[in-house]
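Undergrad: Sequence plus the predicted model coming up.
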Amino acid sequence: NALMSAYAKHGYCRMTFQLFQRLLQSGLNPDKCTFLCILGVCCKTGDLKQGRNMHDWIVQENLAQNVATIQEDLGKNIATMEKISGQNADRIKENSGKNAVSIEVKFVLDVAIANTVIDMYAKCGCLYDSYGIFDRLSVRNEVSWAAMIVGFSHHGDSCFVMKLFEDMQSYHAEPNAVVYSCVLKACCCLRLLGKVRQIHYWIVRARLELDDVVLTALVDAYAKCKSLEEAWKVFNEMNTMNVVTWNAMIVGFAQLGDDLSSLILLKRLIQKSTQPDNVTFVSVLKACATAGNIEGGRITHHVIIDTDLRRDMTLENALIDMYGKCGYMCDALTIFNKLPNPDVISWGAIINGYAENDQGFHALHMFELMQQQHVMPNEIIFMSALKACISIGSTGEGQRIHNQVVKNGLEFGVFVGSSIIDMYVKCGNVEEATNCFERQIDLDVVSWGAMIYGHVEIGHDNLALDMFVEMLHEGIEPTEAIFVTILQACMNM
């Protein structure tokens, strides 16, 4: 056990498994410490098969505090899990495996081993197996709750994280720093600013307000809930800040398009001798792109070069996007041409850059090159290509791209459908736009606005007014541009 624990601690997982096999071959029986060690290695490696074997072995070895045979109706289990997850019974059966919703549960495990088994299944992606064991524990401690909350948080089930947290409080278990961090992350996803403030109070009451992990999660939660004043207050009260903390604040400003604050924080971060990472630079570039701040974007680009950072594809794409949105397509193309294998995001950034800058021929040329490289266009790229058709006034090119959209099964997507209608209207083919409009299943304000604009352009002012009234009856809120178009129709009458 001592030897296996040492190898496991230092990451030699294969050797740990080999030692376990030698232990068995020697005729010795594994004990609680053995199982905890091997299950921990299964967590690290994601070895579900070995983890299941260990779970079965634990049951067979009767490492349990109590023996309790539970004969339950399988349909009841399925219904319970379906209620929790919102998934159907077939999906649950598929995900559950043999252990999660088994009719026969042989043992209520030693709580330390049970917690490790729960953690193992969660980290291997088998949340239903994990929850099945957790739900049957006669004794749950803080580690049991933490394992479940971390597992569901890692797999993005924010609603169930919040439910588990509420159940944990009802059970009078004390959350730790990791649990609070996961719950704050769930609050970010669900935009629960009130809950973030409440959790902040509990963190202070639990004397965790000096924990860097918790405070970083708190800054991130406030920032993503768009309460930058509260995020800034927590940020400034921190004694030590790592790059993740800085990024949480920078991302918050970037989401609001505050390029100047993002740039100031980047400068302060470097002055504090903290090494920026790809997330830092992507966030600052996004803010500069939104604001059209080419000077700030260029400064950030130079800092990236000076820091000798290993640039990933996300950062390269952010640079292309920033230069494109600031109107500097030569710079964007230079970066794009240096990419050995541009991905679909790279192609989308360069095509959209040309389309946004009314360089439709260049945009369509890149659209063709992308397909020659066997890269499949996504909805955003189709929308950019359709915009390029508007800039060159080509109904023929627009029709060809429309056919590709249909071929790819994207015609009835709200955004692509609106772009098709808008393209036909602005290229002067209101009849085809009307056909597309009538076939569309979901219509957004862009679709309605395009049709109203099209009818006014060709002198069908009464029809435009009729459509405006119909749009209001559908509960669609008019934009400023639609009001201007309708006023124009009234003037024409």
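TA: Looks like it arrived, so ask away.

Undergrad: How many residues are close by the closest residue to C182 other than its chain neighbours?
TA: Excluding the flanking residues, the one nearest C182 by C-beta to C-beta, 6 or more residues apart in numbering is S153, at 3.8 Å. (Glycine included, C-beta is placed from N, CA and C.) When neighbours are counted by other C-beta atoms under 10 Å, S153 registers 24.

Undergrad: Mind pulling up the pLDDT for S153?
TA: You'll see S153 listed with a pLDDT of 94.

Undergrad: likewise A254?
TA: On the pLDDT scale, A254 gets 91.

Undergrad: quick one, phi/psi of it?
TA: Dihedral angles of A254 (phi, psi; degrees, to the nearest 10) stand at phi -60, psi -40.

Undergrad: Just name the shakiest helix or strand of this structure by mean pLDDT.
TA: Scoring the helices and strands of the chain by mean pLDDT, DSSP states H and E places strand 64-71 at the bottom, with a mean of 36.

Undergrad: Which strands or helices does the strand or helix carrying D466 pack on?
TA: Using DSSP states H and E, the element containing D466 is helix 461-473. Using 3 or more C-beta pairs under 8 Å, 6 or more residues apart in numbering; DSSP states H and E, the elements in contact with helix 461-473 are helix 445-457, helix 480-492.

Undergrad: What residues sit buried inside that helix?
TA: 461, 463-465, 467-468, 471 (16 or more other C-beta atoms under 10 Å).

Undergrad: who's in contact with that helix?
TA: 445, 448, 451-452, 455-456, 478, 482, 485-486, 489-490, 492-493 (C-beta atoms under 8 Å, 6 or more residues apart in numbering).

Undergrad: One more pass at 10 Å, please.
TA: Applying C-beta atoms under 10 Å, 6 or more residues apart in numbering, the external contacts of helix 461-473 come out as 430, 434, 437, 443, 445, 447-449, 451-458, 460, 476-478, 482-483, 485-486, 488-493.

Undergrad: Quick check on the residues you listed: which are buried?
TA: Using 16+ other C-beta under 10 Å, the buried ones in the contacts of helix 461-473 are 430, 434, 437, 443, 447-449, 451-456, 460, 476, 478, 482, 485-486, 488-489.

Undergrad: First-to-last residue distance for stretch 301-312?
TA: 14 Å (C-alpha to C-alpha, to the nearest Å).

Undergrad: How far off centre is it?
TA: How far stretch 301-312 lies from its chain's middle: 25 Å, per C-alpha atoms, centre = their mean, to the nearest Å.

Undergrad: for stretch 112-131, same thing?
TA: That offset, for stretch 112-131, works out to 23 Å (C-alpha atoms, centre = their mean).

Undergrad: got it, and stretch 54-63?
TA: 37 Å.

Undergrad: Likewise for stretch 341-353?
TA: 20 Å.

Undergrad: try stretch 377-385
TA: With C-alpha atoms, centre = their mean, you get 21 Å for stretch 377-385.

Undergrad: does F253 belong to a helix or a strand, and which?
TA: helix 243-255.

Undergrad: buried sites along that helix?
TA: Under 16+ other C-beta under 10 Å, the buried positions of helix 243-255 are 244-255.

Undergrad: other SSEs contacting the helix or strand following it?
TA: Following helix 243-255 in sequence order, the next helix or strand is helix 259-271 (DSSP H and E). Judged by 3 or more C-beta pairs under 10 Å, 6 or more residues apart in numbering; DSSP states H and E, the packing partners of helix 259-271 are helix 228-237, helix 243-255, helix 278-291, helix 294-306.

Undergrad: How far off centre is helix 259-271?
TA: With C-alpha atoms, centre = their mean, you get 25 Å for helix 259-271.

Undergrad: for stretch 372-388, how far is the first residue from the last?
TA: End residues of stretch 372-388 are separated by 19 Å (C-alpha to C-alpha).

Undergrad: please renumber so the chain begins at 22
TA: Renumbered: residue one is now 22, and that last one reads stretch 393-409.

Undergrad: mind checking the SS state of L49?
TA: coil (DSSP: H, G, I helix; E, B strand; the rest coil).

Undergrad: Over to E432?
TA: coil.

Undergrad: need the contact list for it.
TA: Counted by C-beta under 10 Å, 6+ apart, E432 has contacts 403, 423-424, 426, 438, 441, 457, 460-462.

Undergrad: any idea of the pLDDT on it?
TA: 86.

Undergrad: just for the stretch 172-321 of the chain, where's the confidence low?
TA: Low-confidence segments of the stretch 172-321 of the chain (pLDDT under 70): none present.

Undergrad: one more time with 80
TA: 231 (pLDDT under 80).

Undergrad: what residues are up against the most centrally placed residue in the chain?
TA: In the chain, the residue lying closest to the centroid (C-alpha atoms, centre = their mean) is G177, at 8.1 Å. Neighbouring residues of G177 by C-beta under 10 Å, 6+ apart: 206-207, 210.

Undergrad: R218: which of the residues you listed is nearest?
TA: A207 (14.7 Å; C-beta to C-beta).

Undergrad: Let me know the helix or strand that that closest one is in.
TA: helix 198-211.

Undergrad: Summarise which helices and strands the helix or strand containing E187 is packed against.
TA: Counting by DSSP H and E, the element that carries E187 is helix 179-191. Applying 3+ C-beta pairs under 10 Å, 6+ apart, we find helix 179-191 packed against helix 95-106, helix 148-157, helix 163-175, helix 198-211, helix 214-226.

Undergrad: now with 6 Å?
TA: helix 163-175, helix 198-211 (3 or more C-beta pairs under 6 Å, 6 or more residues apart in numbering; DSSP states H and E).

Undergrad: so which of those helices comes closest to L45?
TA: Taking the helices and strands packed on helix 179-191 one by one with C-beta to C-beta, helix 163-175 is closest: 27.0 Å.

Undergrad: who touches that closest one?
TA: Residues from elsewhere that reach helix 163-175 (C-beta atoms under 6 Å, 6 or more residues apart in numbering): 136, 139-140, 143, 148, 151, 155, 181-182, 185, 189, 194-195, 199-200, 203, 206.

Undergrad: Can you select the buried ones among the residues you listed for me in ChimeraX?
TA: Buried members of the contacts of helix 163-175, defined by 16+ other C-beta under 10 Å, are picked up in ChimeraX with:
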select :136,139,140,143,148,151,155,181,182,185,189,194,199,200,203,206
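
Undergrad: tally of neighbours for V396?
TA: V396, neighbours per other C-beta under 10 Å, totals 17.

Undergrad: So for the helix holding D487, mean pLDDT?
TA: 93.

Undergrad: circling back to that earlier point, which of the buried residues of helix 264-276 sits closest to L330?
TA: Using C-beta to C-beta, the buried residues of helix 264-276 come closest to L330 at N268, 13.8 Å.

Undergrad: picking up where we left off before, specify the angle between the helix holding E187 and helix 214-226 in degrees.
TA: 40 degrees (axes from the mean of the first three to the mean of the last three C-alpha atoms, to 10 degrees).

Undergrad: Using CSV, list the CA coordinates for helix 179-191.
TA: In CSV, the C-alpha atoms belonging to helix 179-191 read as follows (Å, rounded to 0.1, in the frame of the first residue of the first chain):
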residue,chain,number,x,y,z
SER,A,179,-25.9,24.2,-13.3
CYS,A,180,-29.5,23.6,-12.2
PHE,A,181,-28.7,20.3,-10.5
VAL,A,182,-25.6,21.9,-8.8
MET,A,183,-28.0,24.5,-7.2
LYS,A,184,-30.4,21.7,-6.2
LEU,A,185,-27.6,19.7,-4.6
PHE,A,186,-26.3,22.8,-2.8
GLU,A,187,-29.8,23.5,-1.3
ASP,A,188,-30.1,19.8,-0.2
MET,A,189,-26.6,20.0,1.3
GLN,A,190,-27.7,23.0,3.4
SER,A,191,-30.9,21.2,4.5
